[in-house]
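[1] Dropping a prediction and its sequence here:
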Amino acid sequence: MAEYKTKEQKRKFYNGSDWKKKRLDIKKRDNNECQECKRQGRVTLDTNEYSEKAKRKKIMLVVDHIKELEDYPELALDDDNLETLCVNCHNKKHGRVWKFVFKKNKWADDERW
């Protein structure tokens, strides 16, 4: 059984034809909709917007391993372990959420405001 612990091993897997075909199959199965948004009562669809800066289609949806690839390599291509997520939900799942902290206006308590 293959291991997916290093960056190189993961890159080889994600660039492989088996994963690319499976990713398309899962997106099609999920109607090109984010499954987490769907559970929350929202709809997030894939778009065909093109990014001039990146010179490619903007990535709106990704196929995510429910059980992590490096922990469960035997489930790497298992349909039941894969779901379509939007980039925002995928980032939240993996703790890559940006939190903005707003500083209090130093004049907010001034009686002239």
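    Structure's in. What do you need?
[2] Dump stretch 53-63 to CSV, keeping only the CA atoms.
    Extracted in CSV, the C-alpha atoms of stretch 53-63 (Å, rounded to 0.1, in the frame of the first residue of the first chain):
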residue,chain,number,x,y,z
LYS,A,53,-3.4,36.7,-13.0
ALA,A,54,-3.1,32.9,-12.5
LYS,A,55,-3.7,32.1,-16.2
ARG,A,56,-6.2,29.4,-15.4
LYS,A,57,-9.7,28.8,-14.3
LYS,A,58,-10.5,30.0,-10.7
ILE,A,59,-10.7,27.1,-8.3
MET,A,60,-14.1,27.3,-6.5
LEU,A,61,-14.6,23.6,-5.6
VAL,A,62,-12.1,20.9,-4.5
VAL,A,63,-12.6,17.2,-3.7
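[3] how about the strands in this structure?
    50-51, 56-57, 61-65, 82-86 (DSSP state E).
[4] Closest to the centroid, which residue in this protein?
    His90 (3.3 Å; CA atoms, centre = their mean).
[5] That one contacts Val62, correct?
    Yes: between His90 and Val62 there is a contact under CB atoms under 8 Å: 5.2 Å. (C-beta placed from N, C-alpha, C; glycine too.)
[6] Run through the helices of the chain in chain order.
    7-14, 17-29, 35-39, 87-93 (DSSP state H).
[7] now those helices as CSV including mean pLDDT?
    Listed next are the helices of the chain as CSV, based on pLDDT from 0 to 100:
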stretch, mean pLDDT
helix 7-14, 94
helix 17-29, 96
helix 35-39, 95
helix 87-93, 92
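[8] Figure out which of the ones you listed is closest to Asp78.
    helix 17-29 (9.3 Å; CB to CB).
[9] what's that closest one packed up against?
    Judged by 3 or more CB pairs under 8 Å, 6 or more residues apart in numbering; DSSP states H and E, the packing partners of helix 17-29 are strand 61-65, strand 82-86.
[10] got any ranges where the protein has weak pLDDT?
    98-104, 106-107, 110-113 (pLDDT under 70).
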